[in-house]
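> below are the sequence and a predicted model for it; my questions follow.
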Amino acid sequence: MAYNLLKGKRGIIFGALDENSIAWKVAQRAHEEGALFTLTNAPIAMRMGEINKLAEECKAAVIPADATSIEDLENLFDKSVEVLGGKIDFILHSIGMSPNVRKGRSYGDLNYEWFLKSLDVSGLSFHKVMQVAEKKGVLNNHASILALTYIASQRTFPDYSDMAEAKSVLESIARSYGYRLGRSQKVRVNTVSQSPTMTTAGKGIAGFGAFYNFADKMSPLGNASADDCAAYCITLFSDLTRHVTMQNLFHDGGFSSTGMTEEVMEIFSKQ
Ligand SMILES: NC(=O)c1ccc[n+]([C@@H]2O[C@H](COP(=O)([O-])OP(=O)(O)OC[C@H]3O[C@@H](n4cnc5c(N)ncnc54)[C@H](O)[C@@H]3O)[C@@H](O)[C@H]2O)c1
């Protein structure tokens, strides 16, 4: 069911790789809610060509950009404003990548060049997006900017490796830039901390199935799906949440506040 929550709003959505991507679901939902937006991803991710299907469905232009490249981001904002016919009301940063995780390096044997790459792609790129947008003056007052994160930024989880540090950086940038853009333009900046979700990035973490099942049993509402995450993001882009800013918002079925559940007790009582 659609409510026209984003009617007349213009946005940019980063990170739709395939139909499992959280950004893919956000794009579909934003389209249903009346938004106009551009889709972007790293040029290398475009090779799969999947994004063109989504672009067609959402009547959106695709503008490639490596989110770590200032030049690419400048081009993305210039073209987006041109194609959309005005300044930007919402941005979704749905980007994560760690070469150390991808290549299975243990936390005690990290490659530091790759570590810096993880920080740049998954954390700093959020700052770059906002700095380029601010310098170009392309944000409308009351715009809403969101990034997706995971609770491993605050509590440790095996095999999340240097992505944990990258997510801590990301969440801190949301607070610092949220302050700055809030003062200057009443722009909101938040992170949504999502349940484990079956996507390409998610499944890249070793033992992800166990992660996923454990979180599901440790959440009174069960794991939140990508579709539900998309619905939540839409509310945060809408005018219904104009004073929510600088927050790390858990969208995790209650996982982050749960100490123990009956399901998990049952598993351990059998031992
Ligand atoms: N899947 C989960 O369990 C889970 C849980 C919590 C948070 N998240 C976060 O959600 C976000 C989206 O991930 P997803 O699960 O939908 O997986 P996904 O693999 O579909 O999306 C990750 C995206 O990041 C893009 N990307 C990587 N490097 C880039 C670069 N240099 N420039 C631009 N884009 C780049 C990829 O192309 C891809 O589209 C990530 O921030 C992820 O950490 C995921």
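Sure thing, it's come through.

> for the rest of this, base every contact and every neighbour count on C-alpha atoms.
Noted.

> low-confidence regions, this structure specifically.
271 (pLDDT under 70).

> residues of it that sit close to the ligand?
15-17, 21-23, 41-42, 45, 66-68, 94-97, 121, 148-150, 193-202 (C-alpha under 6 Å from any ligand atom).

> of those, buried ones?
The neighbour-count test (16 or more other C-alpha atoms under 10 Å) applied to the residues of the chain next to the ligand identifies 15-17, 21-23, 41-42, 45, 66-68, 94-97, 121, 148-150, 193-198, 201-202 as buried.

> strands - which of the residues of the chain next to the ligand land there?
Applying DSSP state E to those, the entries found in strands are 148-149, 193-194.

> distance to residue 268 added to those, as CSV?
What follows is these, written out as CSV (distance: C-alpha to C-alpha, whole Å):
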residue, distance to residue 268
148, 32
149, 30
193, 28
194, 26
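
> re the thing from before, among the residues of the chain next to the ligand, which are in helices?
Secondary structure from DSSP state H places 22-23, 45, 200-202 of the residues of the chain next to the ligand in helices.

> pull out the buried residues from the top helix by length along the chain.
Looking across the chain with DSSP H, the single longest helix is helix 163-185. For helix 163-185, the neighbour count (16+ other C-alpha under 10 Å) marks 163-175, 177-179, 181-182 as buried.

> put the alpha carbons of it into PDB.
Output of helix 163-185 as PDB, limited to C-alpha atoms (Å, rounded to 0.1, in the frame of the first residue of the first chain):
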ATOM      1  CA  MET A 163      33.900  -3.700   8.800                       C
ATOM      2  CA  ALA A 164      33.200  -3.100  12.500                       C
ATOM      3  CA  GLU A 165      35.600  -0.200  12.600                       C
ATOM      4  CA  ALA A 166      34.200   1.100   9.300                       C
ATOM      5  CA  LYS A 167      30.700   1.100  10.700                       C
ATOM      6  CA  SER A 168      31.800   2.900  13.800                       C
ATOM      7  CA  VAL A 169      33.300   5.600  11.600                       C
ATOM      8  CA  LEU A 170      30.100   5.700   9.500                       C
ATOM      9  CA  GLU A 171      27.900   6.200  12.600                       C
ATOM     10  CA  SER A 172      30.200   8.900  14.000                       C
ATOM     11  CA  ILE A 173      30.100  10.800  10.700                       C
ATOM     12  CA  ALA A 174      26.300  10.700  10.800                       C
ATOM     13  CA  ARG A 175      26.400  12.600  14.200                       C
ATOM     14  CA  SER A 176      29.100  15.100  13.200                       C
ATOM     15  CA  TYR A 177      27.700  15.900   9.800                       C
ATOM     16  CA  GLY A 178      24.100  15.800  11.200                       C
ATOM     17  CA  TYR A 179      25.100  18.600  13.500                       C
ATOM     18  CA  ARG A 180      26.600  20.700  10.700                       C
ATOM     19  CA  LEU A 181      23.800  20.300   8.200                       C
ATOM     20  CA  GLY A 182      21.100  20.500  10.800                       C
ATOM     21  CA  ARG A 183      22.400  24.000  11.900                       C
ATOM     22  CA  SER A 184      22.800  25.200   8.300                       C
ATOM     23  CA  GLN A 185      19.800  23.700   6.500                       C
END
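
> now tell me what touches that helix from outside.
Residues outside helix 163-185 that contact it (C-alpha atoms under 8 Å, 6 or more residues apart in numbering) are 96-98, 101, 118-120, 122-124, 126-127, 130, 140-142, 147, 149-150, 152-154, 156, 187-191, 245-248.

> can you say which of those residues are buried?
Counted by 16+ other C-alpha under 10 Å, the contacts of helix 163-185 give 96-98, 101, 118-120, 122-124, 126-127, 130, 140-142, 147, 149-150, 152-153, 187-191, 245-248 as buried.

> just to revisit the earlier point, which of the contacts of helix 163-185 fall within strands?
140-142, 147, 149, 188-191, 248.
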